[in-house]
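[1] Based on what follows, work out the 3D shape:
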Amino acid sequence: MSPSAATVLRALADLAPAASARVLDVTRPGQPLFWMPANSDHCGWYREMDRLAAADLLHRDERTVRRAWGVVAGAVEVAGGGTRKVRVPLLSEPVRVEHVSHGYRIVPAGDLEITPLVEDRGLAARLEAAPGLASPRWLASSGAEDWLRSVAEAAGLPVTGVDRAERSGSAPLPAKGLVLFVGAALFAVRDVAGIALGDR
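    This next block holds a predicted model:
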């Protein structure tokens, strides 16, 4: 007896990827953003960096570690009266984490990419074509903040403040409002602290 067309279509629908939701938080429990010096590709020995380096080595072909250039962080109110944590890199690139003397070196391993929250792909392409993005000292330039504000606005993230202070390690982030952090941070695109459900 062969299955009906409806049964086959239902089975295929169950296997098809679901529509992607707006991801407002790239962090996971035990995996906060790790802030780096804005104008350096080196950082010292930290437990968080050990985890990222191990994940990079273990999942070498997947490019699990990314560097963010500019982050919107805080919280937004959601329907029903609750709040939702926000940790959105506005510009990111896949990187490799290499052991060197006195710490780690971060090496670019792919193309720069604007947050997928910018749904207008034409606008995203124009923003990505801006000269000098993520070059040495770019975050210190006067145009970087304006560019990052433009991306945040296009992503539907109404920024209420800007923080240009140098941060390091896993410094705490605001729990209210949305703040644009003009800095560089590392994050993992998958769970590197435990085993993901799909890997079991």
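
[2] C-alpha from now on. contacts and neighbour counts both.
    OK.

[3] Quick check: which element contains residue 39?
    Taking DSSP states H and E as the definition, one finds residue 39 inside no helix or strand.

[4] dump the residue contacts of it.
    Going by CA atoms under 8 Å, 6 or more residues apart in numbering, residue 39 touches 136, 137, 139.

[5] In CSV: the residues you listed, plus pLDDT and secondary structure.
    Putting the contacts of residue 39 into CSV (pLDDT from 0 to 100; DSSP: H, G, I helix; E, B strand; the rest coil) gives the following:
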residue, pLDDT, secondary structure
136, 78, coil
137, 86, coil
139, 90, coil
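
[6] and of those residues, the nearest to residue 79?
    residue 139 (34.7 Å; CA to CA).

[7] Tell me which residues touch the closest one, please.
    Residue 139 neighbours (CA under 8 Å, 6+ apart): 38, 39, 69, 145, 182, 183.

[8] can you tell me which two in those residues are farthest apart?
    Largest pairwise distance in the contacts of residue 139, by CA to CA, is 15.1 Å, between 39 and 145.

[9] Alpha carbons only: can I get the top strand by length along the chain in PDB?
    In the chain, taking DSSP state E as the definition, the longest strand is strand 65-77. What follows is strand 65-77, C-alpha atoms only, in PDB (Å, rounded to 0.1, in the frame of the first residue of the first chain):
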ATOM      1  CA  VAL A  65      33.100  32.000  16.200                       C
ATOM      2  CA  ARG A  66      32.300  35.500  14.900                       C
ATOM      3  CA  ARG A  67      33.600  38.900  15.700                       C
ATOM      4  CA  ALA A  68      31.000  41.700  16.000                       C
ATOM      5  CA  TRP A  69      31.700  45.300  15.000                       C
ATOM      6  CA  GLY A  70      29.100  47.300  16.900                       C
ATOM      7  CA  VAL A  71      26.400  45.700  19.100                       C
ATOM      8  CA  VAL A  72      23.000  46.800  20.200                       C
ATOM      9  CA  ALA A  73      22.300  45.500  23.700                       C
ATOM     10  CA  GLY A  74      19.600  46.000  26.300                       C
ATOM     11  CA  ALA A  75      16.000  44.900  26.400                       C
ATOM     12  CA  VAL A  76      12.700  45.600  24.600                       C
ATOM     13  CA  GLU A  77       9.200  45.200  25.700                       C
END
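
[10] And that strand, what's buried?
    65, 66, 67, 68, 69, 70, 71, 72, 73, 74, 75, 76 (16 or more other CA atoms under 10 Å).

[11] chain center to that strand, what's the gap?
    6 Å (CA atoms, centre = their mean, to the nearest Å).
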